[in-house]
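In: Predicted coordinates and the sequence they were generated for:
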Amino acid sequence: MLYDIQTSSPIPIYRQIVEQVQRLIASGQLQPNDDLPSVRAVALHFAINPMTVSKAYSMLETAGSIVRKRGVGMAVAYQQNVSSTEDKLELLRPSLEAAAQVAAQLGIPTAEAQALFLACLQDTKQKEKGESYE
């Protein structure tokens, strides 16, 4: 599945979908006219309410990130400007701010938090080498 939904996360599921689609578009993993998984497929795969997925897709459509294709579903909209590194970093910032807050609340020293972040980056890259997007 294209998405990695964490039902135990404090981040609402619809927001997880929105942010993941935005990141996939910004990174070039989703290209213009690429079809998104249907509302029904996402809801069934993650055992979530279809209205949650629909809400996320509606927000993405309103933002101009995706378009509705009659009789087919949703697809990535044509984006004139390729996301710059600065744009990508701004998409990353909220997640890092949340992680920094958790680290501070737990009293984890900065160097240890940074080391863990680097380890997580390496783990993710290793997982990506063995997986492909559907």
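Out: Alright, I've got the coordinates. Keep in mind it's a predicted model, so treat the numbers as computed, not measured.

In: wait, doesn't residue 37 sit right on residue 20?
Out: No. Counting by CB atoms under 8 Å, residue 20 is not a contact partner of residue 37; they are 11.4 Å apart. C-betas here are computed from N, CA, C, even on glycine.

In: what is in contact with these two at once?
Out: 2, 3 (CB atoms under 8 Å, 6 or more residues apart in numbering).

In: In terms of neighbours, single out the busier of those two.
Out: Just comparing residue 37 and residue 20: by other CB atoms under 10 Å the higher neighbour count belongs to residue 37, 19 against 16.

In: Can you tell me, leaving aside adjacent residues, what's nearest to the more buried one?
Out: Of all residues not flanking residue 37 in the chain, residue 2 sits nearest, at 5.6 Å (CB to CB, 6 or more residues apart in numbering).

In: thought the one you found was touching residue 36?
Out: Yes. Between residue 2 and residue 36 a contact is recorded at 7.2 Å, counting by CB under 8 Å.

In: can you give me the helices in the chain?
Out: In the chain, the helices defined using DSSP state H lie at 13-27, 39-46, 50-62, 85-106, 110-130.

In: can you give me the angle the fourth one makes with helix 110-130?
Out: Interaxial angle of helix 85-106 relative to helix 110-130 (axes from the mean of the first three to the mean of the last three CA atoms, to 10 degrees): 130 degrees.

In: which other helices and strands contact helix 85-106?
Out: Using 3 or more CB pairs under 8 Å, 6 or more residues apart in numbering; DSSP states H and E as the contact test, the elements touching helix 85-106 are helix 13-27, helix 110-130.

In: The first one versus helix 85-106: what angle between them?
Out: Computed by the same axes, to 10 degrees, the angle separating helix 13-27 from helix 85-106 equals 140 degrees.

In: closest to residue 74 out of the helices of the chain?
Out: Shortest distance between residue 74 and the helices of the chain, using CB to CB, is found for helix 50-62: 5.4 Å.

In: List the buried residues for the closest one?
Out: Within helix 50-62, the residues that count as buried by 16 or more other CB atoms under 10 Å are 52, 53, 54, 55, 56, 57, 58, 59, 60.
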